[in-house]
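S.K.: output the structure for:
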Amino acid sequence: MEYEARFCLHCGTALQWIDSQEDSGLVQRLRCPTCGWTHWNNPTPVLAAIVEYEGHILLARNALWKDRFFGLITGFMEAGESPEEGIAREVKEETNLDVQQCTLIDVSAFQRRNQVLIAYHTVCTGQVRLSPELSEYQLIAPAHVKAWNTGTGRALEKWLRMQGYEPEIIDRNAQLAASTKS
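M.R.: Numbering: from 1, shown residues only. As a prediction, this is how the structure comes out:
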């Protein structure tokens, strides 16, 4: 479900597309014609973890996903936390694992969802216990992990190559199209 701002958060007036001269030139922004408030529509920071646990990569399946896809641990960064604190929190909340090491792997635009993906490799310890948000997980040796051609899969592909592996790449768009037909 896409969110679209329609009303001013300050006065409740319907927003309008208004031309604005900015440093980059003439742009259109959703603005309130009454009080001038601007809806900037800035990308949302999303954190992703390549979770290394006992020498394997932990991939998990979101409980809401209809297909059998397993992906990285992800979540939104919260106000007042650094990206490193946020990814440690997300890993703990979703898997019950404790992050011992955290290394930035990639920062990239995920324009389809108006997000900025901040991906880390994390080395974790503890006992895996999934939150209700996740339905199951897999532990896969890094040499056998398959990446995917969208979103967080690109960061996983980059990390695998940094480790000396040439990963197989899954066409996630084709997978999604096939799962909606069945």
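S.K.: how does this structure divide into domains?
M.R.: 1-41, 44-181 (automatic domain parsing).
S.K.: now the longest helix seen in the chain: buried residues?
M.R.: The helix spanning the most residues in the chain, taking DSSP state H as the definition, is helix 83-95. By neighbour count on 16 or more other C-beta atoms under 10 Å, the buried set for helix 83-95 is Pro83, Glu84, Gly86, Ile87, Ala88, Arg89, Glu90, Val91, Lys92, Glu94, Thr95. C-betas here are computed from N, CA, C, even on glycine.
S.K.: in JSON lines: the domains of the chain, plus mean pLDDT.
M.R.: Shown next, in JSON lines, are the domains of the chain (pLDDT from 0 to 100):
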{"stretch": "domain 1-41", "mean pLDDT": "88"}
{"stretch": "domain 44-181", "mean pLDDT": "94"}
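S.K.: can you say which of those domains is packed in most?
M.R.: Sort the domains of the chain by mean neighbour count, taking mean count of other C-beta atoms under 10 Å, and domain 44-181 sits at the top with a mean of 16.
S.K.: ok now it, how far from the chain's centre?
M.R.: Its chain's C-alpha centre and that of domain 44-181 lie 8 Å apart, by C-alpha atoms, centre = their mean, to the nearest Å.
S.K.: what does stretch 32-43 give?
M.R.: That offset, for stretch 32-43, works out to 25 Å (C-alpha atoms, centre = their mean).
S.K.: which residues touch that stretch?
M.R.: Stretch 32-43 has contacts (C-beta atoms under 8 Å, 6 or more residues apart in numbering) with 5, 8-11, 13, 15-16, 18, 29-31, 109-110, 114-116.
S.K.: can you tell me the distance between the two ends of it?
M.R.: 20 Å (C-alpha to C-alpha, to the nearest Å).
S.K.: what pairs with the helix or strand in which Cys102 is found, parallel or antiparallel?
M.R.: Using DSSP states H and E, Cys102 falls within strand 98-110. The strands beside strand 98-110 in its sheet (DSSP bridges) come out as strand 115-125 (antiparallel).
S.K.: the helix or strand following the strand it pairs with to helix 83-95, inter-axis angle?
M.R.: Counting by DSSP H and E, the element after strand 115-125 in chain order, helix or strand, is strand 134-140. Strand 134-140 and helix 83-95 are oriented at 110 degrees to each other (axes from the mean of the first three to the mean of the last three C-alpha atoms, to 10 degrees).
S.K.: I appreciate the help and will end here.
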